[in-house]
Structures are given as C-alpha cells and as structure tokens.
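# Next comes the sequence, and after it the predicted model I'd like to discuss.
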Amino acid sequence: MPNISDLVSTNTAKAEGAWNFIASVTADAASLAALPSIFSSTYDFYKIVATDVHSSANDSGMYMKITWNNGSSYSQTSHYNYTRYKSGNNTPSQEQYYYSSGHQFYRNMGQAGTALHKTHFEVSCFHPYQSTTVRLFRFDGGGYSSNSQIYHNPMTGWLSESSNISNGPLTGVGFESDNETSGTFRAYGLVKS
C-alpha cells in the first residue's frame, strides 16, 4: 500500500502540464467578442475554445484581431491561409485553399437566425507573448455550411502576426464576423512544467 508522500508526489506529477482556465466571454450580437488580457509570460502555449458561434449575417466569414495594449486598440493579423470545402451544382465537393494578407480564418458560416447553423472551433496560440519572431494561431473546427449542397463546412486555418512585433507582446485577441458576433469564447493556458 503506498504511503501518503507517494500519493502526494503522484498527484502533483499528474497536475503538471495541465490546462488552466484564464478567462471567458459570451457575446450576444456584439461587434467584437473580446479577450483583451489573456496572454502573459505565465504560459508559452494557449488554447481558445469557441462554441455556438454565429453571425447576424448570412454566409458570414469569421475573423480574429489582436491587441498588444489590453484592448485599447485592435489590429488585423499579417496573413491568413485556410481551407474550405465548396460544391457547385452537379459537381463533386472540392477543397479550396486561400492565402492572403488579413485576418480571416473561416468562410460560409451559415444562415443567420437558424439554430442549426452554429460553428464550434479551437484556436492554438503559439508564443503570443513574445516579440522576437512571428506569432502563430492555428484554427480547427467546423459548422453548418450556408452552401445547400455541402452541409458541414470544416475549418482548418492559420493566422500569423509579424507586422506589429515592434509594438511588443500580444496581450489578447478579439473575434468578429461580417455583422454582429454571438457565442462563447474560453481561454486556457498550458502549464509549462
């Protein structure tokens, strides 16, 4: 039978490397769903989990902005690239790849006011609080598509931020759609050891 010190040591080891909850925001037809002060030197790696996200606009895109001053101002990221699926009349579904400058990470989000048309995703944030190299954000998820011939619209995308490195470490992010954003956004940090 293990002694008390062995149990304490085992439980401590299991707690290392865990996700710690930082903050959340629930937006209801907001211009920006903001998490302005979630990044710090406490963690190297963060995750944002978004659920029941939708727009007041049909066929909306989704965008993420960054802030380095705790929400006093927001800027779009330097570049995006993402994948979407598309199907035209009488043609098989096909992948389309997008790359450009800007802050879009999703397209064809669904029809406004329809309960089924919600999007869910997670964002992996790599070293957002450092200011010596590019900051990367990876998006994974999906939702109900506005395209009547392909009902599930997978989300796979990257945003990178390098043009504002001179402004210092990022402190947070905000999410927006083409017209008013709703949904719940929760931020977590991964314990370093």
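Sure thing, it's come through. Numbers count the residues shown, from 1 in each chain.

# Tell me where the protein has helices.
Secondary structure of the chain by DSSP state H: the helices cover 4-15.

# For it, give me the ranges with low pLDDT.
For the chain, applying pLDDT under 70 flags the ranges 1-17, 84-94, 115, 145-152.

# how about the strands in it?
Ranges of strands within the chain are 19-30, 33-35, 45-55, 62-67, 75-76, 79-86, 94-101, 104-106, 119-126, 135-144, 152-161, 172-177, 181-190, based on DSSP state E.

# got the CA coordinates for the third one in PDB?
Pointing back at strand 45-55 there. Taking Å, rounded to 0.1, in the frame of the first residue of the first chain, the C-alpha atoms of strand 45-55 are listed here in PDB:
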ATOM      1  CA  PHE A  45       1.100  28.000 -25.300                       C
ATOM      2  CA  TYR A  46      -2.600  28.900 -25.100                       C
ATOM      3  CA  LYS A  47      -5.900  27.500 -26.400                       C
ATOM      4  CA  ILE A  48      -9.200  29.300 -27.000                       C
ATOM      5  CA  VAL A  49     -12.300  27.200 -27.300                       C
ATOM      6  CA  ALA A  50     -15.300  28.700 -29.100                       C
ATOM      7  CA  THR A  51     -18.800  27.200 -29.000                       C
ATOM      8  CA  ASP A  52     -22.200  28.100 -30.600                       C
ATOM      9  CA  VAL A  53     -20.600  30.900 -32.700                       C
ATOM     10  CA  HIS A  54     -22.800  32.600 -35.200                       C
ATOM     11  CA  SER A  55     -23.300  35.900 -37.100                       C
END
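
# Neighbouring strands of it in the sheet, and parallel or not?
Strands flanking strand 45-55 in the sheet, each with its direction: strand 119-126 (antiparallel), strand 181-190 (antiparallel) (DSSP bridges).

# Ok, which of those comes nearest I38?
Across these, I38 has its closest neighbour in strand 181-190 (4.3 Å, C-beta to C-beta). Every C-beta, even on glycine, is put in place using the N, C-alpha and C of the backbone.
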